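Undergrad: curious how this folds, go ahead:
(4 chains)
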There are 2 protein chains.
Amino acid sequence: MGLDNHEFEQIEGLIAARKRVKRQQHLYHAGDPFEAIYAIRIGFFKTDILTEDGRDQVTGFQMAGEILGLDGISIDRHVCNAVALEDSDVCMIPFDRLEDLSRKVEPLQRQFNKFMSREIVREQSIMMLLGSMRAEERLAAFLLNLSQRMQSRGYSASEFNLRMTREEIGSYLGLKLETVSRAFSKFQDEGLLTVHQKHIQILDPDALRTLVGRAHV
Amino acid sequence: MGLDNHEFEQIEGLIAARKRVKRQQHLYHAGDPFEAIYAIRIGFFKTDILTEDGRDQVTGFQMAGEILGLDGISIDRHVCNAVALEDSDVCMIPFDRLEDLSRKVEPLQRQFNKFMSREIVREQSIMMLLGSMRAEERLAAFLLNLSQRMQSRGYSASEFNLRMTREEIGSYLGLKLETVSRAFSKFQDEGLLTVHQKHIQILDPDALRTLVGRAHV
DNA sequence: CATTGTGCTTGATGGGAGTCAAGCGGAATA
DNA sequence: TATTCCGCTTGACTCCCATCAAGCACAATG
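TA: Sure, this is the predicted structure:
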């Protein structure tokens, strides 16, 4: 990234604390004062929003190497809940110190801006998915995305364990858990994948890609 | 734009050029190199993304005082199209100069980060809408959002002209244009509003809020 | 003024996903 | 090992929205 030693040490010094979060525990709640963003070292999270009328929706799943909490910057409070879906380990990055250092270290500033923008783009693709895809297309897109992120972290792209329930997948994709379950069964009947509980093995990724590509004919 | 006078003047110094964009013209296309973000002085825009099957989905509507182009930062290219829905006038803000100045002027840096984060939060609320609301609830939320933005710019909150077609509204809300039209008619039958072509008069905003569930405003 | 086109409204019909319900199965606990 | 619970699967039925289709309204053009 074009950093000299001093800059590199400063960035390392940003990490105030490592924090362990047990399965089903919250890293932060909606409404909590925003003080830091979090880099996931180990583990898996979901973020969700609970509205007053009881609507609850998962807004994202985050795995090791990804960043949590960027939405809190806007109003100095977290706007969603972050819940560990397995025992996890995060780096807490105090935001005021990150802003300070960003003013001194240009590559850090640039990288941070790109992170924020990438989050905007990611959410746009979810909007596309929710706005124009059918149930099976949504699930196919979800699995391919998960597969790609697993692979980029050195895990198998074709075989992995889901950390979230059918209900959480459905909430994220704008579907009911029964619909998610039916789509899994259909994919298995068609030989696109095998599914045993949370264990997934993708047999025909190209067929899944075709499903997503042919969205909304 | 949520900036105080001092901050606003600093941003004004950044403005390289004013640019006029006629109705139906593009401000930028998906794939264009990303060089600047744009502040809308006068006018109204939509952003959309072209899907592989040739149809496009509207990802947002932007009015005077709002910012266009934040998604381009991520990959140094614009990822969506920005199209003027009426004759418009924008300020071009070269992004490298904005980054430079942000390193020197802390309030500008802070404000810019908040802008990015606000865009993330805005998109999350659209995800909620697309994922868990029914057609009439979506349209009600859309109208209330538009109404609130009109009001915050000094226009009437209860009476305004839509700049976009039913099809564009539907694309944004994940609905077909016929469904949007039917929802308008139903609202009118129920006395919640009057609609004549693109002219909207909201008669009972509380009823619309009740529909949405009081969570979105 | 007539003509054309585009956007909008409305009706009829069908399909995909939601809802309700029953039962299965693996995992955790005692 | 037995019990309980929670998540998952599957079936039957319902309903909301998409689709297909016809016609209207208004603006632009000749």
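
Undergrad: how's chain A carved up into domains?
TA: Domain assignment for chain A by automatic domain parsing gives A:5-128, A:133-213.

Undergrad: buried sites along the longest helix along chain A?
TA: The residue-count maximum for a helix in chain A (DSSP state H) belongs to helix A:106-132. Buried residues in helix A:106-132, counted by 16 or more other Cβ atoms under 10 Å in any protein chain shown: A:108-110, A:112-113, A:115-124, A:126-132. The C-beta positions use only the backbone N, C-alpha and C, and glycine is treated the same way.

Undergrad: for A:Leu68, give me phi and psi.
TA: Torsion angles at A:Leu68 (phi, psi; degrees, to the nearest 10) stand at phi -120, psi 140.

Undergrad: swap that for A:Val105, sorry
TA: Phi and psi for A:Val105, reported as degrees, to the nearest 10, are phi -120, psi 100.

Undergrad: what's the closest non-adjacent residue to it?
TA: Distance criterion Cβ to Cβ, 6 or more residues apart in numbering or on different chains; nearest residue to A:Val105, sequence neighbours excluded, is A:Glu7 at 5.0 Å.

Undergrad: count the neighbours of the one you found for me.
TA: 17 (other Cβ atoms under 10 Å in any protein chain shown).

Undergrad: which residues in chain A form helices?
TA: With DSSP H as the criterion, chain A has helices at A:5-13, A:95-104, A:106-132, A:135-152, A:166-173, A:177-189, A:205-213.

Undergrad: what does the shortest one rub up against?
TA: So the one you mean is helix A:166-173. With Cβ atoms under 8 Å, 6 or more residues apart in numbering or on different chains as the test, helix A:166-173 has contacts from A:46, A:48, A:56-61, A:85, A:129-130, A:135, A:138-139, A:142, A:162, A:164, A:175-177, A:179-181, A:184, B:131.

Undergrad: which among the residues you listed count as buried?
TA: Buried residues within those, counting neighbours by 16+ other Cβ under 10 Å: A:46, A:48, A:57-61, A:85, A:129-130, A:135, A:138-139, A:142, A:162, A:164, A:175, A:179-181, A:184, B:131.

Undergrad: so which of those are also by DNA strand C?
TA: A:Ala135, A:Leu175, A:Thr179 (Cβ under 7 Å from any atom of the strand).

Undergrad: between these, which is nearest A:His26?
TA: A:Leu175 (24.8 Å; Cβ to Cβ).

Undergrad: is stretch A:149-161 anywhere near DNA strand D?
TA: No - interface with DNA strand D: stretch A:149-161 contributes nothing (Cβ under 7 Å from any atom of the strand), its closest point being 10.6 Å away.

Undergrad: next one: that stretch, is it in contact with DNA strand C?
TA: No - Stretch A:149-161 is not in contact with DNA strand C by Cβ under 7 Å from any atom of the strand; minimum separation 10.4 Å.

Undergrad: start and end of that stretch, how far apart?
TA: Start-to-end span of stretch A:149-161 (Cα to Cα, to the nearest Å) is 13 Å.

Undergrad: for that stretch, list every residue counted as buried.
TA: For stretch A:149-161, burial by neighbour count (16+ other Cβ under 10 Å) applies to A:Arg149, A:Met150, A:Phe160.

Undergrad: residues of the least confident helix or strand in chain A by mean pLDDT that come out buried?
TA: The helix or strand of chain A with the poorest confidence is helix A:5-13; it has a mean of 79 (mean pLDDT, DSSP states H and E). Buried residues in helix A:5-13, counted by 16+ other Cβ under 10 Å: A:Glu7, A:Gln10, A:Ile11.

Undergrad: contact partners for the first one?
TA: Residues counted as contacts of A:Glu7 (Cβ under 8 Å, 6+ apart) are A:Lys104, A:Val105, A:Pro107, A:Leu108.

Undergrad: and the first one, what does it touch?
TA: So the one you mean is A:Lys104. So A:Lys104 contacts A:Glu7, A:Gln10, B:Arg103 (Cβ under 8 Å, 6+ apart).

Undergrad: please look at A:Ala64 and A:Arg41 and confirm they touch.
TA: Yes - assessed by Cβ atoms under 8 Å, A:Ala64 is found in contact with A:Arg41 at 6.4 Å.

Undergrad: the more surrounded of the two?
TA: A:Ala64 (18 against 15).

Undergrad: just give the closest residue to that one, not the sequence neighbours.
TA: Once flanking residues are discounted, A:Ala64 sits nearest to A:Ile40: 5.1 Å by Cβ to Cβ, 6+ apart.

Undergrad: partners of that neighbour in the sheet?
TA: A:Ile40 has these beta-bridge partners by DSSP bridges: A:Val90.

Undergrad: look at it and report its pLDDT.
TA: Looking at A:Ile40, its pLDDT reads 96.

Undergrad: with the one 4 residues further on instead?
TA: With respect to pLDDT, A:Phe44 has a value of 97.

Undergrad: what's the local residue count around it?
TA: Using other Cβ under 10 Å, A:Phe44 is surrounded by 21 other residues.

Undergrad: against A:Ala157, how distant is it?
TA: Using Cβ to Cβ, to the nearest Å, one gets 17 Å for the distance from A:Phe44 to A:Ala157.

Undergrad: what's near enough to touch A:Arg78?
TA: You called it Arg, but residue A:78 is His. A:Tyr28, A:His29, A:Ala30, A:Gly31, A:Asp32, A:Pro33, A:Phe34, A:Gly69, A:Asp71, A:Gly72.

Undergrad: at 10 Å instead, please
TA: A:26-35, A:47, A:68-69, A:71-72 (Cβ atoms under 10 Å, 6 or more residues apart in numbering or on different chains).

Undergrad: same deal with A:Ile40?
TA: Neighbour list for A:Ile40: A:21, A:27, A:62-68, A:82, A:84, A:88-91 [criterion: Cβ under 10 Å, 6+ apart].

Undergrad: what do you get if the cut-off is 7 Å, keeping everything else the same?
TA: A:Ile40 sits next to A:Gln62, A:Met63, A:Ala64, A:Gly65, A:Glu66, A:Leu68, A:Ser88, A:Val90 when contact means Cβ atoms under 7 Å, 6 or more residues apart in numbering or on different chains.
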